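Novice: this is the structure alone, sequence omitted:
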């Protein structure tokens, strides 16, 4: 439990002049989470202590905690103090998931977003080559090989590969964004992997494109990495023509 009797206040609270007191409180607690004053898994002060610290009412403190919970920064359970969570892309992943699941237009926009973002990620990954990310990409390639013909397993390996690419950049915010886009990737990858006409050569070609991208990044060749990720998305665009037909058939709004 955080000790609020220490000389230095945990949240550097200032008298709130804004009418949006809950925003002020949640911002202050979020700052403590992001700069490490409260570590992931650590309990936050009780609601009443937070209220006293900031000079606000308990309902305001409760609303601040609710905001932090909705943002995925804090976990709460009835009757227990809130606990800090490790920053992750789960809230963003949910939003993207809702957006793309039944809308072809949103799915196409999300794919376009991925192409723009991941082209830059591929270049940065090749420049920085963080070993943990490269190891993850290599493991994902092995998982893809093992998952040949199994759409669910292949999809998870595909997601792992792209998360590994983000990790290779060494940029935590890029990793957060990629976590958020997992629902987009899962939706697309599952549809692509379940295409009825997908041959063994088709599966092998997909793995080959991923391996070529991995090798360009591992070699530190940013231009080649960009070229390979563009080829990767061009192949996805071709497959998307079939996906579009399937989505339209199931009544997607276009």
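Specialist: It's in. Keep in mind the model is a prediction, meaning the values are calculated, not measured. Numbers count the residues shown, from 1 in each chain.

Novice: list the buried ones in the helix or strand containing residue 109?
Specialist: Assessed by DSSP states H and E, residue 109 sits inside helix 104-128. Within helix 104-128, the residues that count as buried by 16 or more other CB atoms under 10 Å are 104, 106-108, 110-111, 114-115, 118-119, 121-126. In this view, the C-beta of every residue, glycine as well, is placed from N, C-alpha and C.

Novice: same deal with stretch 214-230?
Specialist: Residues of stretch 214-230 classed as buried: 214, 216, 217, 218, 221, 222, 224, 225, 226, 227, 228, 229 (neighbour count, 16+ other CB under 10 Å).

Novice: let me have those in a markdown table, extended by pLDDT and secondary structure.
Specialist: Below are the buried residues of stretch 214-230 laid out as a markdown table (pLDDT from 0 to 100; DSSP: H, G, I helix; E, B strand; the rest coil):
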| residue | pLDDT | secondary structure |
| --- | --- | --- |
| 214 | 98 | helix |
| 216 | 98 | helix |
| 217 | 98 | helix |
| 218 | 98 | helix |
| 221 | 98 | coil |
| 222 | 98 | helix |
| 224 | 98 | helix |
| 225 | 98 | helix |
| 226 | 97 | helix |
| 227 | 96 | helix |
| 228 | 96 | helix |
| 229 | 96 | helix |
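
Novice: contacting residues for the residue nearest the centre of the chain?
Specialist: In the chain, the residue lying closest to the centroid (CA atoms, centre = their mean) is residue 179, at 1.4 Å. Residues in contact with residue 179 (CB atoms under 8 Å, 6 or more residues apart in numbering) are 88, 89, 90, 92, 93, 163.

Novice: for it, what are phi and psi?
Specialist: phi -60, psi -40 (degrees, to the nearest 10).

Novice: swap in the one 5 residues further on?
Specialist: Backbone geometry at residue 184, expressed as degrees, to the nearest 10, gives phi -70, psi -50.

Novice: can you check residue 75 too?
Specialist: Main-chain torsions, residue 75, degrees, to the nearest 10: phi -110, psi 140.

Novice: go on, residue 54?
Specialist: Dihedral angles for residue 54 - degrees, to the nearest 10 - are phi -100, psi -10.

Novice: my guess is it contacts residue 27, does it?
Specialist: No: proximity of residue 54 to residue 27 does not meet the contact threshold set by CB atoms under 8 Å, at 10.9 Å.

Novice: of those two, who's got more company?
Specialist: For residue 54 versus residue 27, the count of surrounding residues by other CB atoms under 10 Å is larger for residue 54: 23 against 14.

Novice: what's the distance between that one and residue 35?
Specialist: Residue 54 sits 18 Å away from residue 35, going by CB to CB, to the nearest Å.

Novice: also residue 213?
Specialist: For residue 213, the distance to residue 35 - CB to CB - is 35 Å.

Novice: those two: which has the busier surroundings?
Specialist: Using other CB under 10 Å as the criterion, residue 213 and residue 35 rank with residue 213 on top: 28 against 8.

Novice: so what's that one up against?
Specialist: Listed by CB under 8 Å, 6+ apart, the contact set of residue 213 reads 122, 165, 225, 228, 229, 232.

Novice: residue 65: which of these is nearest?
Specialist: Of all those, residue 165 has the smallest distance to residue 65: 35.0 Å, by CB to CB.

Novice: list the contacts for the closest one?
Specialist: Applying CB under 8 Å, 6+ apart, the residues near residue 165 are 118, 121, 122, 125, 133, 137, 178, 213, 217.
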